[in-house]
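Undergrad: The following comprises the amino acid sequence and a computationally predicted model.
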2 protein chains.
Amino acid sequence: MLAAPTVASANADVEKNIANPRNWAVQAGDMFNQRYSQLKQINKGNVGKMQVAWTFSTGVLRGHEGSPLVIDGTMYLHSPFPNKVFALDLETQKIKWKYEPKQDTAVIAQMCCDTVNRGLAYAEGKVFLQQADSTLVALDANTGKVIWSVKNGDPKVGAVNTNAPHVFKDKVITGISGGEWGVRGFLAAYDINTGRQVWKAYSVGPDAEMLMDPEKTMTWADGGLKPVGKDSSLKTWQGDQWKTGGGTTWGWYSYDKATNMVYYGTGNPSTWNPAQRPGDNKWSMTIFARDLDTGVAKWAYQMTPYDEWDFDGINEMILADIPVKGKQTKALVHFDRNGFAYTMDRVTGALLVAEKYDPTVNWATHVDMRTGRPQVVKQYSTAQNGPDVNTKGICPAALGTKDQQPASFDPNTKLFYVPTNHVCMDYEPFKVEYTAGQPYVGATLSMYPTPNSHGGMGNYITWDAGTGKIVQSKPEKFSVWSGALNTAGGLSCYGTLEGYLKCVDANDISKELFRFKTPSGIIGNVFTYEHKGKQYMGVFSGIGGWAGIGMAAGLEKANDGLGAVGGYRELSQYTELGGSLTVFALPN
Amino acid sequence: MLAAPTVASANADVEKNIANPRNWAVQAGDMFNQRYSQLKQINKGNVGKMQVAWTFSTGVLRGHEGSPLVIDGTMYLHSPFPNKVFALDLETQKIKWKYEPKQDTAVIAQMCCDTVNRGLAYAEGKVFLQQADSTLVALDANTGKVIWSVKNGDPKVGAVNTNAPHVFKDKVITGISGGEWGVRGFLAAYDINTGRQVWKAYSVGPDAEMLMDPEKTMTWADGGLKPVGKDSSLKTWQGDQWKTGGGTTWGWYSYDKATNMVYYGTGNPSTWNPAQRPGDNKWSMTIFARDLDTGVAKWAYQMTPYDEWDFDGINEMILADIPVKGKQTKALVHFDRNGFAYTMDRVTGALLVAEKYDPTVNWATHVDMRTGRPQVVKQYSTAQNGPDVNTKGICPAALGTKDQQPASFDPNTKLFYVPTNHVCMDYEPFKVEYTAGQPYVGATLSMYPTPNSHGGMGNYITWDAGTGKIVQSKPEKFSVWSGALNTAGGLSCYGTLEGYLKCVDANDISKELFRFKTPSGIIGNVFTYEHKGKQYMGVFSGIGGWAGIGMAAGLEKANDGLGAVGGYRELSQYTELGGSLTVFALPN
Ligand SMILES: O=C(O)c1cc(C(=O)O)c2c(n1)C(=O)C(=O)c1cc(C(=O)O)[nH]c1-2
Ligand SMILES: O=C(O)c1cc(C(=O)O)c2c(n1)C(=O)C(=O)c1cc(C(=O)O)[nH]c1-2
């Protein structure tokens, strides 16, 4: 008998849940990371009448990132450390069950940028939680009881977690944090039924540990795709510096069942003092496409070789089929911390577009499209200026033109809606020794609104990824640290650090159609669902994250919080800590 | 020249602020503690369309009691420990200033019933805050800067504070907590301009320290008002037990400028083991009327002589001019923890009505109207049953048929709207030694919903204080621990421990016209104000207080939290911690 042809399936249950727009089945609404909903009961015409339907406090202060999931009438909510999970009956908002892990509070001090957690995954009756202490657990979705639990990293050396786990096929994919502790990053896949580790792919180090195929893993070089060759990472590090070399993986992952590849980015090389780690520090700051089944890298593209600014490359990869320079393309679009937006061919890894998505980005003039390398401006090179020299006026700041806050793609307008930062910095690297479990940063930063601009620290923009151009830019007082949502109702919605949920016209984002002040500043992602014929929209509020670290951790000195405290000090005139969900709907 | 006739004035500025119904100038809306607003834009006909206008998180978990104040476009909010104060510009909700005292966290463990604070007072450009550590401060209402600060008690011995300060005339009146630490209660008056103590009147002890006039301080006895006589307190205590005798004063105070008297109640005698303190333990459990200028007691009435159940008498005194048994009366109406509602002549102190406001109250058959004493039922006398005997089935439980949650009076219906508890208890006293700064409780309690009733733990009732009769009773799943508000719009509104704000028809409280689920359980008081022609209604949510102490303090054992943990365990299926304000209005 002939083998049945392999039918590409991402995971039948998850696909079914996603296909039903009444659910919010995965963090990004779909596996392409598009953050787009088919629902349109709430639309351009009536969103102005939208009102709060109900609210729910999580009982946790500090930053609330991610969003709840909604599956068939139950909402699953998570919280920052201590990472509580609630299952709410949407009919009554009654708590069906609650899971609260017992975690060592020592982990709090090991988290660079607040005790955030970016949310849950759901598949086949199981809820997956990636705890801060790096324990990955599968909970019974009906009872909250632990089905299995596995240790993903060692918090004693700073290997902690903030990322959402993602289920693709029969695997739950998770990453690791700790780039500021010298943690060597990796992506790992676990069997959703047993928790058994299926593969683990480091970001830096020997080919075998990175699951790099010297012949078959491709990268963009010299105007085309070339095999990476042997020891492509090791060759770019001095000695065994790669062992504490960073490249963590705390972002959002995407998956295309047609290519069977998982797409994600790696973070900064450790330390922040570039003088200590000469070389390109591959494959930190890299977009990876890996075979989901084996973890082997299909292609890799390093955006910021030899990082000198902490421009982690972890921001989400949005998969979209769009015309790029006139040609319909299976694209991957990525808004990097470094201020460039990249459009890649997601099948091959070819570099198609790389343009600034904030015109004030100044550390590089452009990306050389042949080599794929950014052309660094000497004045802003903290490596060339050297340790103990304060390099001033670098744009963007370390937290990038965009950080973890995910963008959305609207298939109707074919545009990307990008919550951005509009912040610059001074950066002074200094020598630092590696000690396991201790911060390994080595730079003093200060941040401030982009000079000679509108005075604010953020913009909400629309972006044409086919041409690499900003279409519209809406200034915001603070960085927009919240994830965007677009809907078939013609809306684009996002939260602000002051605490407003805003919805604008997707065709003209200068038209603000709705705003509401939630209890605290918003760094969560907007989501939507339908229950009993009524569309709801929701968002976590709870100020924190890196931008809000001063408030979240009670820091006062301008340079504290890796430089964010001074820059965002004014936030405390607008909002206070407090984690809660606000759910909106049209009036009855 | 002749002296100008003394014009009775409560405080011209406070009176002016109260007279303007657009403000919420004092905690109870007025000095009579009526919690009634003239505003009627939101009314019976349209309250169903009311929606959330904006929200504000305080950044503090644990129980949020009291309410903000609104004065001329600025809102002043307080929080539980650490007792932050925020001034919000109502135009923008921007934080004008924030005050956060530095208090020793040791005070947290000295607070019996959660780290609550019942709110601020405002007068003549000053905001008054009574901190948990007993420091009373006056803040500049424009800047939040401390104008003066004075120590009101010693937290080292358990003398802490939760009450709202109250401004009457040129004095700010405050009390003290610590009945469960053997603290001797007192009321004190401070000069609003300097913080100088003007008088201090103990609840128990020598006449001079109590500001009792043996000849002129009257009490109800033998069917009439009699002078209390010499040593009226000392005679009812053994030896110097009065020195650790309790009678704390953590409730709401009221003031009538016509009588120039301040009205308030005193709490339980310490310890909870009655065997250790034979005697009437006067003047614990007492309604006091004191001359505002001198502090001298005009009259006193002890409701629960020789307390055996922790039926603190501190609940608010509501002043209202109503017909009592057919005769128009300057009445004082008080819903006591012990389950009896008292109507007194507030001028003379005559006892007019004393009836059960929950028919299931069983520890006393009735109040003897001649002696004014409750007739205790032997079966429920924890003193007669003695130490180490568990007296079962006492109704109400120690937290009373009503606790701190204030009732409202509606001048239109002439009825009182009373948030009540419907809870019974088992009570087992045991011997305890007094050690300064240590709990001095001496009883083990368990609490449960009133048996053979509707299964819930609360009722919202209307009460005719002239006849002593329940008019209507609306069952609630949990105790109604939130303060009521009535408005000229024909509404009566209150919060529930699950987190709902509810508004009912003041003429028929079985008609629920509005409900909304706020982020957390409600133990705050509903308030209303007008800004730029629009009426707003608001309430703090933030589960806690004695009823919510299990959640607030993370206690698990049924008998913990003085017996409340077991009784209210189910609460955690409905809500989570989190302090925020939700403000409502009609749609634009
Ligand atoms: O290098 C790392 O491992 C790491 C981890 C995290 C994290 O896990 O939250 C952040 C960062 N880096 C980082 O550079 C950064 O800008 C950042 C922002 C945030 C946030 O949640 O607001 N987390 C992180
Ligand atoms: O005896 C005291 O000094 C004292 C203080 C307090 C307080 O200050 O909150 C309460 C009580 N007792 C008390 O008996 C009680 O029922 C109570 C409830 C609450 C509350 O805020 O929910 N506080 C208190």
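TA: Done, it's in. Ligands and ions are numbered 1, 2, ... in the order given.
Undergrad: In contact with A:Val137: list those residues for me.
TA: Contacts of A:Val137 were listed using Cβ atoms under 8 Å, 6 or more residues apart in numbering or on different chains, and they are A:Pro101, A:Phe128, A:Leu129, A:Gln131, A:Val146, A:Ile147, A:Trp148, A:Ser149, A:Val150. For the C-beta atoms, the positions are set from N, CA and C on the backbone; glycine is no exception.
Undergrad: which residues are there in chain A that come within reach of ligand 1?
TA: A:65, A:112-114, A:116, A:162, A:177-180, A:248, A:250, A:267-268, A:310, A:312, A:399, A:403-404, A:545-546 (Cβ under 6 Å from any ligand atom).
Undergrad: Among the contacts of A:Val137, which ones are in strands?
TA: Using DSSP state E, the members of the contacts of A:Val137 that fall in strands are A:Phe128, A:Leu129, A:Val146, A:Ile147, A:Trp148, A:Ser149, A:Val150.
Undergrad: Across the sheet, point out what pairs with the third one.
TA: What it means is A:Val146. A:Val146 has these beta-bridge partners by DSSP bridges: A:Leu139.
Undergrad: what stretches of chain A score poorly on pLDDT?
TA: Applying pLDDT under 70 to chain A picks out residues A:1-8.
Undergrad: PyMOL command for the buried members of the ones in strands among the contacts of A:Val137?
TA: The buried residues among the ones in strands among the contacts of A:Val137 can be selected in PyMOL (16 or more other Cβ atoms under 10 Å in any protein chain shown) with this line:
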select buried, chain A and resi 128+129+147+148+150
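Undergrad: Including distance to ligand 2, could the ones in strands among the contacts of A:Val137 go into TSV?
TA: Below are the ones in strands among the contacts of A:Val137 laid out as TSV (distance: Cβ to the nearest ligand atom, whole Å):
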residue	distance to ligand 2
A:Phe128	39
A:Leu129	34
A:Val146	35
A:Ile147	40
A:Trp148	42
A:Ser149	38
A:Val150	43
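Undergrad: Nearest to ligand 1 among the ones in strands among the contacts of A:Val137?
TA: For the ones in strands among the contacts of A:Val137, the closest approach to ligand 1 (Cβ to the nearest ligand atom) belongs to A:Leu129, at 15.3 Å.
Undergrad: any idea how far A:Lys94 is from that closest one?
TA: 21 Å (Cβ to Cβ, to the nearest Å).
Undergrad: now the helices: where do they sit in the stretch 251-400 of chain A?
TA: Under the criterion DSSP state H, counting those that start in this stretch, helices of the stretch 251-400 of chain A are mapped to A:382-385.
Undergrad: can you pull out the strands in it?
TA: A:254-256, A:261-265, A:286-291, A:297-302, A:317-324, A:327-335, A:340-345, A:351-356, A:364-367, A:374-376, A:391-394 (DSSP state E, counting those that start in this stretch).
Undergrad: Please render those strands as CSV that adds distance to A:Val441 to the earlier fields.
TA: CSV is the format used below for the strands of the stretch 251-400 of chain A (distance: least, Cβ to Cβ, whole Å):
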stretch, distance to A:Val441
strand A:254-256, 30
strand A:261-265, 20
strand A:286-291, 21
strand A:297-302, 22
strand A:317-324, 27
strand A:327-335, 24
strand A:340-345, 24
strand A:351-356, 27
strand A:364-367, 23
strand A:374-376, 21
strand A:391-394, 16
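Undergrad: for whichever residue of chain A sits closest to ligand 1, phi and psi?
TA: Residue of chain A nearest ligand 1, by Cβ to the nearest ligand atom: A:Gly179 (2.2 Å). The phi and psi values for A:Gly179, taken as degrees, to the nearest 10, are phi -60, psi -30.
Undergrad: ok, now how distant is it from ligand 2?
TA: According to Cβ to the nearest ligand atom, to the nearest Å, A:Gly179 and ligand 2 sit 46 Å apart.
Undergrad: try A:Gln51
TA: On the measure of Cβ to the nearest ligand atom, A:Gln51 and ligand 2 end up 32 Å apart.
Undergrad: wait, what's in contact with A:Leu351?
TA: For A:Leu351, the contacting residues are A:Trp220, A:Tyr301, A:Tyr342, A:Met344, A:Val367, A:Met369, A:Gly372, by Cβ under 8 Å, 6+ apart.
Undergrad: err, A:Asp307, not the other one
TA: Contacts of A:Asp307 by Cβ under 8 Å, 6+ apart are A:Asn268, A:Pro269, A:Pro274, A:Asn281, A:Ser284, A:Met285.
Undergrad: residues touching the nearest residue to it once chain neighbours are set aside, list them.
TA: Using Cβ to Cβ, 6 or more residues apart in numbering or on different chains and skipping the chain neighbours, the partner closest in space to A:Asp307 is A:Asn268 (5.1 Å). Residues near A:Asn268 by Cβ under 8 Å, 6+ apart: A:Gly179, A:Gly246, A:Gly247, A:Ser284, A:Met285, A:Asp307, A:Asp310, A:Phe311, A:Asp312, A:Gly313.
Undergrad: where along chain A do the helices fall?
TA: Using DSSP state H, the helices of chain A run over A:12-19, A:207-210, A:382-385, A:549-553, A:564-567.
Undergrad: how about those, which one is nearest chain B?
TA: Among the helices of chain A, helix A:549-553 comes nearest to chain B, with 8.0 Å by Cβ to the nearest Cβ.
Undergrad: Could you save the strands of the stretch 251-400 of chain A as a markdown table and add columns showing distance to ligand 2?
TA: As requested, those are arranged in a markdown table below (distance: least, Cβ to the nearest ligand atom, whole Å):
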| stretch | distance to ligand 2 |
| --- | --- |
| strand A:254-256 | 50 |
| strand A:261-265 | 50 |
| strand A:286-291 | 55 |
| strand A:297-302 | 59 |
| strand A:317-324 | 50 |
| strand A:327-335 | 49 |
| strand A:340-345 | 54 |
| strand A:351-356 | 56 |
| strand A:364-367 | 59 |
| strand A:374-376 | 60 |
| strand A:391-394 | 52 |
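Undergrad: Tell me which of the ones you listed sits nearest to A:Lys431.
TA: Of all those, strand A:391-394 sits nearest to A:Lys431, with 15.9 Å by Cβ to Cβ.
Undergrad: hey, what's the residue in the stretch 1-150 of chain A that chain B sits nearest to bridged with?
TA: Taking Cβ to the nearest Cβ, chain B has its nearest neighbour within the stretch 1-150 of chain A at A:Ser57, 2.8 Å off. Partner residues in beta bridges with A:Ser57, using DSSP bridges, are A:Ser580.
Undergrad: go on, A:Thr528?
TA: A:Thr528 has these beta-bridge partners by DSSP bridges: A:Met537.
Undergrad: Spit out the contact partners of it.
TA: A:Trp24, A:Ser37, A:Leu39, A:Ile42, A:Leu485, A:Thr487, A:Gln535, A:Tyr536, A:Met537, A:Gly538.
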